[in-house]
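**Q** okay, here's the prediction I keep looking at, along with the sequence it came from:
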Amino acid sequence: MKKVGLGIAVVFALVLLGGFVVSQLGDVAKAARAGDCAKISGALDNPTYEALDCGSEQANVKIAKVLQWNEKTCPSGGMDYSTYTGDATLCLMPNFVEGACYGQSPETGIAKVDCATKDSVKVAKVVSGKADGAACGDQRAAVFPEPAVTFCLERGDQRQ
């Protein structure tokens, strides 16, 4: 049971890009819209933002909200959003795909991995339109209020 707890801690380390602020990326945010996806890489040293189709294997974040000039923070009431700050501030959430597994990457923070990868996290279910951890039952939930989505998570490296 202790190993499951450790794996779940890794789940939240992966999901919590929150508090992570990417800045000085130029003017790429001018064209960004809520619902767009991107790849953030070089997150710690020299961050880069590359707009991608949400179906791309490399799209690791989705823009949840573009903050207006008078808004200071991303929506609250669930997981913390990552933020991108350039010419605009973007609230970012993981671009998780149901059935896929994710692990930590020093380059991008979150990356798709084979589910057999040690400490990987599997997205068991994506509940769109609902920000409610109860939708996941006994599984861990990563809840984002805007847009309302709940990711139900489990360890990916468990033997079935």
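**A** Arrived safely.

**Q** ends of stretch 75-93, how far apart?
**A** 11 Å (CA to CA, to the nearest Å).

**Q** can I get stretch 55-66 in CSV, CA atoms only?
**A** What follows is stretch 55-66, C-alpha atoms only, in CSV (Å, rounded to 0.1, in the frame of the first residue of the first chain):
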residue,chain,number,x,y,z
GLY,A,55,-4.0,15.6,-31.0
SER,A,56,-0.3,15.8,-31.3
GLU,A,57,1.7,13.3,-29.2
GLN,A,58,4.0,16.2,-28.2
ALA,A,59,1.3,18.6,-27.0
ASN,A,60,1.8,18.5,-23.3
VAL,A,61,-0.4,21.5,-22.2
LYS,A,62,-3.8,22.9,-23.1
ILE,A,63,-4.7,26.6,-22.6
ALA,A,64,-7.5,26.6,-20.1
LYS,A,65,-7.9,30.4,-20.0
VAL,A,66,-6.2,33.6,-21.3
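
**Q** which SS state does A134 fall under?
**A** Secondary structure, DSSP: H, G, I helix; E, B strand; the rest coil: A134 is helix.

**Q** so what's it up against?
**A** A141 (CB atoms under 8 Å, 6 or more residues apart in numbering). Backbone N, C-alpha and C define where each C-beta goes, glycine included.

**Q** how about Y102?
**A** Y102 neighbours (CB under 8 Å, 6+ apart): L14, P94, F96, I110, A111, K112, V113, S120, V121, V123, G156.

**Q** confirm it sits in a helix?
**A** No - Y102 is assigned strand when assessed by three-state DSSP, not a helix.
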